[in-house]
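> Next comes the sequence, and after it the predicted model I'd like to discuss.
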Amino acid sequence: MTDVRPTAAAPEPGEGAPAANIVVGGAAGRMGSRIVALHREAGLRLAAALEAPGHRALGRDAGEVAGAGVLGVPLTGDAAAAITRDRVLIEFSVPEASLEHLRLVARAGARAVIGTTGFSAAQREEIATLARQAAILVAPNMSVAVTLAFSLLRTMAKALGDDYDVEITEVHHRYKKDAPSGTAVRMAEIVAEALGRDLRKVGVYGREGLPGERSGKEIGVMSLRSGDVVGEHTVSFGTLGERLELTHRAHSRDTFARGALRAVRWIAGRGPGLYSMHDVLGIA
């Protein structure tokens, strides 16, 4: 995705800054409901909760749907009315819905934190264009620890070089729609960039039959789907005689929700631009 930054950075939000007003997209979903349930921990205010037109939960209180008690905010399908300039959209849903909402964010000059994965190259380019009009943060994984792992992977790949085979495995719950996961794809991209390889040419996604001897340049990415696994990712660097692995295991979706809420507080005072969780943590 093309990187976009504001011409002048907005000041860091102060400790005494007013709570941001958030709009939760996909608020009745697995991640959206956790955002609704936890938003007050981050000192944020739920201004609106969105779901797809025709969703069976429309009209119900978002807090009750999330198991967090009555919040006085009904689930609505009217995104255009919910997304206004003084609000921050936070969403984990599907690419088409997230992109539609980001167009509204750009039109309103609002802000957004997007944890949706599975965007196509064309969709990512459109997001980069929209970020010229609004502050947009997109991350394939909102976990603080995973964001740090991305930085460590770059260092590991550069240090180990071409002598080590790279294999990435990811495990998620049976309901996940995209494969590989956005996190696994980003891990593969980071390693490829660090090693000067084109992932489109060296990426191998699953093996069967007699594929022949493993080439020295390929980067393997394997996806497993099982039960209710929240998310596990392992990057293995192997050579003759040893193997080094970096693994992250998420035990609860609250990990991602809290990271996303941290990102909302960070982006609340930012100008237009395309940001990542690395910006939130202040790491390369």
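Arrived safely, thanks for sending.

> which residues touch the longest helix seen in the chain?
Looking across the chain with DSSP state H, the single longest helix is helix 144-160. Applying C-beta atoms under 8 Å, 6 or more residues apart in numbering, the external contacts of helix 144-160 come out as 139, 141, 166, 183, 186-187, 190-191, 193-195, 233, 235, 237, 239, 244, 246, 248, 255, 259, 262, 276-278, 280-281, 283-284. For glycine as for every other residue, the C-beta is placed from the backbone atoms N, C-alpha and C.

> got the contact list for stretch 238-251?
Identification of contacts with stretch 238-251 by C-beta under 8 Å, 6+ apart yields 143, 145-146, 149, 152-153, 156, 160, 163-165, 167, 230-237, 256.

> redo that, cut-off 10 Å
Outside stretch 238-251, the residues that touch it by C-beta atoms under 10 Å, 6 or more residues apart in numbering are 141, 143, 145-146, 148-150, 152-153, 156, 159-172, 183, 187, 229-237, 255-256.

> Narrow these to those that are buried.
Buried members of these, counted by 16 or more other C-beta atoms under 10 Å: 141, 143, 146, 149-150, 153, 156, 160, 164-172, 183, 187, 229-237, 255-256.

> Low-confidence ranges, the stretch 1-150 of the chain, go.
Low-confidence segments of the stretch 1-150 of the chain (pLDDT under 70): 1-18.

> so how far is G216 from the nearest residue to I136 once chain neighbours are set aside?
In space, and not counting its chain neighbours, I136 is closest to A112: 4.9 Å by C-beta to C-beta, 6 or more residues apart in numbering. Between A112 and G216 the computed distance is 41 Å (C-beta to C-beta, to the nearest Å).

> Looking only at neighbour counts, state which of those two leads.
Each of A112 and G216 has its neighbours counted (other C-beta atoms under 10 Å); A112 has more, 30 against 10.

> just checking, the more buried one is part of a strand?
Yes. With DSSP: H, G, I helix; E, B strand; the rest coil as the criterion, A112 is part of a strand.

> so it touches R87, yeah?
Yes. Using C-beta atoms under 10 Å, A112 is in contact with R87, at 9.4 Å.

> Quick check: neighbours shared by those two?
Residues touching both A112 and R87 comprise 23, 105, with contact defined as C-beta under 10 Å, 6+ apart.

> hang on, the earlier thing: and the longest helix of the chain, how far from the chain's centre?
What separates the centre of helix 144-160 from the centre of its chain is 17 Å, taken as C-alpha atoms, centre = their mean, to the nearest Å.

> Check stretch 75-89 too.
Distance of stretch 75-89 from the chain centroid (C-alpha atoms, centre = their mean) equals 20 Å.

> now swap in stretch 127-138 and tell me
Distance, centroid of stretch 127-138 to centroid of chain: 14 Å (C-alpha atoms, centre = their mean).

> do the same with stretch 189-198
With C-alpha atoms, centre = their mean, you get 20 Å for stretch 189-198.

> Use 22 as the first number from now on
Sure thing, new numbering starts at 22, so read that last one as stretch 210-219.

> Show me which residues of that stretch are buried.
Taking 16+ other C-beta under 10 Å as the criterion, stretch 210-219 shows 210-213, 215-216, 218 as buried.

> Filter those down to just the ones in helices.
Short answer: these in helices (DSSP H) are 210-213, 215-216.

> circling back: export the longest helix of the chain to CSV, keeping only CA atoms.
Provided in CSV are the C-alpha atoms of helix 165-181 (Å, rounded to 0.1, in the frame of the first residue of the first chain):
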residue,chain,number,x,y,z
VAL,A,165,1.0,-4.5,20.3
ALA,A,166,3.2,-7.6,20.5
VAL,A,167,2.6,-8.6,16.9
THR,A,168,3.6,-5.1,15.8
LEU,A,169,6.9,-5.5,17.7
ALA,A,170,7.3,-9.0,16.1
PHE,A,171,7.0,-7.4,12.6
SER,A,172,10.1,-5.2,13.5
LEU,A,173,12.0,-8.1,14.9
LEU,A,174,11.3,-10.2,11.8
ARG,A,175,13.0,-7.6,9.6
THR,A,176,16.1,-7.7,11.8
MET,A,177,16.1,-11.5,11.9
ALA,A,178,15.8,-11.9,8.2
LYS,A,179,18.5,-9.4,7.4
ALA,A,180,20.9,-11.0,9.9
LEU,A,181,20.3,-14.6,8.8
